[in-house]
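>>> Return atomic coordinates for the entry below.
(chains A and B)
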Amino acid sequence: MAAAVELRNITKRFPGVVANDGVDFEAAEGEVHALLGENGAGKSTLSNILTGLYHPDDGQILLYGEQRVFGSPRDALDAGIGMVHQHFRLVPPFTVAENVILGDHRGEGKKFVVHPRHIERRVAELGERYRIAVDPRARVWQLSLGEQQRVEILKSLYREARILILDEPTAVLTPQEAESLFETLRVMAEEGRTVIFISHKLNEVAAVSDRVTVLRGGRTVATMATAQTTPHSLASLMVGREVAEVGWISREEWLGDTVLTVSNVSALGDRGSPALRDVSLTLRSGEILGLAGVAGNGQRELAEVVTGMRTPTQGSVTVDGKRLRPGDARAAISAHVSHVPEDRLHTGVAPSLSIASNSVLKAYRGSRFAWGPLLRLRAIRAHAAQLIRHYDVRGGTPELPARRLSGGNLQKIVLGREFDGQPRVLVVASPTRGLDVAAIETVHAQLRKAASGGVGVLLISEDLDEILALADRIDVMYEGEIVAELETGAATVEEIGLLMAGGTAE
Amino acid sequence: MIRIERRLEQPRWLDVAVPFGSIVVAFVVMTLVLLATGHAPGHTFWRLIVTGFGSTFALNATFVSATPLIFTGLCAAAAFRMRLFNIGGEGQLYMGAILGAAAGIALGDRSSWLSVSAMILAGIVGGAALALIPGVLRAYLNTNEIITSLMLNYIVALVIDYLIFDSLSYWRDTSTPSAKVFPQGKVLPDAASWPVLHIGGLVVPFGLLVGIAVAVFVWALYARTRFGFEVQVIGDSPRAANYAGMRTRRKILAVMALSGAIAGLGGASQDGDFRHTLDPRGLTAAGYGYAGIVIAALARYNPFSVCLIAFLLGGLQNAGYALQGVDFPSGLVGVLQGLILFCVLGGELLVRYRFAFDRRSRRAEAAA
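Numbers count the residues shown, from 1 in each chain, chains lettered A, B, ... in the order given. Next comes the predicted model:
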């Protein structure tokens, strides 16, 4: 039997880098095939080639034994390849049904007058069959991220995709939601569809896939049956060397005085609806406080209130005993509150400006980099070069625009800059999202080091493993409130997952 | 099949090659147009260059045309750098001209030095004050500054018309009976005439020097100061600016004021350097403000490029006047000028995008 997808010797070069260097890949009908690799290993490039976004410089694409060349994403869609991107491609004001037929040029979507009833029925049917029910009339902006992901999957199913590619699909899900997604994927595979699952979470790969292909440095390292692997062996294949077992290392350092107090803070979200309700927390020097929750439950808003980017409607933030002026980011910065935001590319840096400019995004006011109103350009450049060296930013030069860095290297710049500001309080949001295993180790080590140096770290993450690995204490957020506070040793993943989904701990 | 793709990288050489190539294309198309209308292309191009830049006389005329364009080009470039789209350079220039003329008339013939500085100051204040209207609306009410600044252009155009044609205002000459029948502005006193610099046969207006000085100032401000750094960050990513604790509102006000002040200075220069009266018809017909937007875009907001492009466009404009005659209709001059602008602006597309050939044919091969 011919494989559903076969890629032979795929090569794709970008200026200065070979993203795919003779990659071979094949996935059979009816299997869930995991594509595993570090950041920059070429996973995204490969999936972009398979979905017709890029044209390979060399190599062949075979679908069901037949050679295909995709001139555009539409060709790939017509060939039955669907993709669920990490960042959803949905139109928020449209309904689920409208989003599903958007871009559909063969069936209902091609008509001048659209009959929503018919599509709604079909979407509801699909949802039932694959256990991913979503109200077809709901508007996308009303949906949670997990539900939006379902819409993306429905979109592909509606177009009768026989091959579905998912790029890091669990990043936005609770453990329970992820489990139900895995079930859906298994149903699809049983029907003879092919699911390609891109991830770098090893336990997920083990949980859902039949086989796994590991990429490293743009080449295929290995393809094997998942049953024959262990998370540890996969991690070593990805990184190309032995890695330390990741686990919770108990910290015995004493904790210092309270550095951050948030009292009774309420705030509105971007849409003007309440995002935070009467949130209080304290953070001591040397402590890592994990803030767990599904994305969109107020964690971002809380981080913004603490760092002065958002004005609370009530309540106060106190750092080192001094009350911060609400909604004044500059006050927070001068109180040594450092912030690694969730959205690195547009909040953490100014993407078109150089790395040099971004390395002094906050410090440019001080006498180290400014002389009266004038900037000390040479000092800034030297500082950026030092940051690049110290944090091992690959391919970085002080003049390079920040957006040209890969996600992991960009994060190194942001982290480096924020660690550099001698923080008292460090607010970090999803610090390792999109980073590879080696970079995650480095970031975690740096967070631990910062904490043992007396910094209070507020760690916001949707990745429970990360929180369990780092935090001393865990606060769980749900719908803008802190619903539970747990000591790390006493909490299990299931328990926290249930709390994140609005359940109660029993 | 040809498709347009976004470039992954923008090589440096494109910045030079694309404008140059665009001009070559423009000349090729112009050759066709000229041949079709029965003119000798070689001769026409030669005249175009000679009458624009080829003699001291031509250069002097080009200086005159380029001066206001430098101001309005810098006005647009200064604001656009922060993605603050001040389209109101036109109106801000009128406002500068109104206040500049008032200052010149009011100070009479006391001292040239005093009059010139007062006019400069008045121009700056007029332009900045007008630009602050859309600036305040944008900063505090988040109103779209494109619309408010554009609409103000029409309002000020009517105001300047009213001052001379529909009222007995301070600016209107009412000294003779004929001036009452044929409205015109008061002629500014001699002290309010801005000095000129003679270099060989060249006559360089004072305003041109001021414009170049402003370009240096804007460049230094944006490339070398904390203020400029903040403007760049806000322009690139307002969220990042908020994150870094920058005061975005204040910067909006400051940049709008700066942008308006530059255009207003251009208005004062019109009074002092060239027109020596408040001249509504001449100013409104010229459309310096709108040309400035095109210049800023072509210069990619670089202040020095603004000066260079203003100079080239000024020359092109003058050459156009010199070219037209019995055998050469003014419409055809417009066609030639339009072609150059069209090609150069169109060529900008190639800096960010590229054409991809052959994709479909490769696919056909594979299918075969």
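
>>> contacts and neighbour counts: CA atoms only from here.
Fine.

>>> What does the pLDDT read for residue A:246?
With respect to pLDDT, residue A:246 scores 43.

>>> I meant to write residue B:328 there.
The confidence metric pLDDT takes the value 83 at residue B:328.

>>> Where does it sit: helix, strand or coil?
coil (DSSP: H, G, I helix; E, B strand; the rest coil).

>>> How about the backbone phi and psi for it?
When read as degrees, to the nearest 10, the backbone of residue B:328 gives phi -130, psi 90.

>>> Can you tell me how far it is from chain A?
For residue B:328, the distance to chain A equals 48 Å [Cα to the nearest Cα, to the nearest Å].

>>> And the strands in the stretch 51-200 of chain B, which stretches?
Along the stretch 51-200 of chain B, the segments classed as strands by DSSP state E, counting those that start in this stretch run B:196-199.

>>> Quick one: mean pLDDT for stretch A:420-434?
For stretch A:420-434, the mean per-residue pLDDT is 87.

>>> List the buried residues of that stretch.
For stretch A:420-434, a neighbour-count test (16 or more other Cα atoms under 10 Å in any protein chain shown) marks A:421, A:423-434 as buried.

>>> same deal with stretch B:178-191?
Applying a neighbour-count criterion of 16+ other Cα under 10 Å, the buried positions in stretch B:178-191 are B:183, B:184, B:185, B:186, B:187, B:188, B:189, B:190, B:191.

>>> count of residues packed around residue B:46?
The tally of other residues near residue B:46 (other Cα atoms under 10 Å in any protein chain shown) stands at 12.

>>> what's the pLDDT at it?
Predicted confidence (pLDDT) for residue B:46: 89.

>>> likewise residue A:64?
Among the per-residue scores, residue A:64 holds a pLDDT of 89.

>>> Which residues are in contact with it?
Counting by Cα atoms under 8 Å, 6 or more residues apart in numbering or on different chains, residue A:64 makes contact with A:2, A:3, A:4, A:5, A:6.

>>> How about the stretch 1-150 of chain A: which residue is closest to chain B?
Distances between the stretch 1-150 of chain A and chain B by Cα to the nearest Cα are smallest at residue A:69, namely 5.5 Å.

>>> Can you report phi and psi for that residue?
Backbone geometry at residue A:69, expressed as degrees, to the nearest 10, gives phi -130, psi 130.

>>> So it sits against residue A:61, correct?
Yes. In this structure, residue A:69 sits in contact with residue A:61. The criterion is Cα atoms under 8 Å, and the distance is 6.8 Å.

>>> In chain B, what helix or strand scores lowest on average pLDDT?
Every helix and strand of chain B was ranked by mean pLDDT, DSSP states H and E. The lowest is helix B:359-367, at a mean of 47.

>>> Can you get me a residue count around residue 66?
In the absence of a named chain, this looks at chain A. For residue A:66, the number of neighbouring residues by other Cα under 10 Å comes to 13.

>>> should've been chain B
Burial of residue B:66 is recorded as 25 neighbouring residues (other Cα under 10 Å).

>>> now swap in residue B:325 and tell me
Burial measure for residue B:325: 10 neighbouring residues, criterion other Cα under 10 Å.

>>> And residue A:17, by the same measure?
Counted by other Cα under 10 Å, the residues lying close to residue A:17 total 10.

>>> got it, and residue B:108?
Other residues near residue B:108 come to 15 when the count uses other Cα under 10 Å.

>>> gap between the residue lying closest to it once chain neighbours are set aside and residue B:271?
Once flanking residues are discounted, residue B:108 sits nearest to residue B:189: 5.7 Å by Cα to Cα, 6 or more residues apart in numbering or on different chains. If you measure residue B:189 against residue B:271 using Cα to Cα, to the nearest Å, the figure is 11 Å.

>>> Likewise for residue A:330?
Where residue B:271 is concerned, residue A:330 sits at a distance of 45 Å (Cα to Cα).

>>> now residue A:112
Counting by Cα to Cα, the gap from residue A:112 to residue B:271 is 59 Å.

>>> Check residue A:427 too.
57 Å.

>>> go on, residue B:62?
Look at residue B:62 and residue B:271: by Cα to Cα, they are 18 Å apart.

>>> In terms of packing, which of these two has more residues around it?
Counted by other Cα under 10 Å, residue B:62 and residue B:271 do not tie: residue B:271 has more neighbours, with 28 against 24.

>>> can you pull the contacts of residue A:4?
Under the criterion of Cα under 8 Å, 6+ apart, the neighbours of residue A:4 are A:26, A:27, A:28, A:29, A:62, A:63, A:64, A:65, A:163, A:194.

>>> Would you mind confirming that the first one is in contact with residue A:9?
If I follow you right, that is residue A:26. No. Contact between residue A:26 and residue A:9 fails when scored by Cα under 8 Å: they sit 11.2 Å apart.

>>> What does the pLDDT read for the most centrally placed residue in chain B?
For chain B, the residue nearest the mean C-alpha position is residue B:292 (2.1 Å; Cα atoms, centre = their mean). At residue B:292 the predicted local confidence, pLDDT, stands at 94.

>>> which stretches of the chain have low pLDDT?
No chain specified, so I'll use chain A. Within chain A, the stretches falling below the threshold (pLDDT under 70) are A:1-2, A:16, A:39-40, A:105-110, A:172, A:241-254, A:504-506.

>>> hmm, I had chain B in mind actually
B:1-3, B:6, B:8-10, B:356-368.

>>> report the longest helix in it, please.
If each helix of chain B is counted by residues according to DSSP state H, the longest one is helix B:112-141.

>>> How far off centre is that helix?
17 Å (Cα atoms, centre = their mean, to the nearest Å).

>>> Over to stretch B:241-257?
Centroid separation between stretch B:241-257 and its chain, computed with Cα atoms, centre = their mean, is 25 Å.

>>> need the contact list for residue A:185.
Going by Cα under 8 Å, 6+ apart, the list of residues near residue A:185 reads A:32, A:195.

>>> Using CSV, write down the CA coordinates of the strand or helix carrying it.
When secondary structure is defined using DSSP states H and E, the element that contains residue A:185 is helix A:175-190. Below are the C-alpha coordinates for helix A:175-190, written out as CSV (Å, rounded to 0.1, in the frame of the first residue of the first chain):
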residue,chain,number,x,y,z
PRO,A,175,-5.0,18.6,30.1
GLN,A,176,-8.6,17.5,29.8
GLU,A,177,-9.2,19.4,26.6
ALA,A,178,-6.0,17.9,25.2
GLU,A,179,-7.2,14.4,26.1
SER,A,180,-10.4,15.0,24.2
LEU,A,181,-8.5,16.3,21.2
PHE,A,182,-6.4,13.2,21.2
GLU,A,183,-9.6,11.1,21.1
THR,A,184,-10.9,13.1,18.1
LEU,A,185,-7.6,12.5,16.4
ARG,A,186,-7.8,8.8,17.0
VAL,A,187,-11.4,8.7,15.6
MET,A,188,-10.1,10.4,12.5
ALA,A,189,-7.2,8.0,12.1
GLU,A,190,-9.6,5.0,12.5
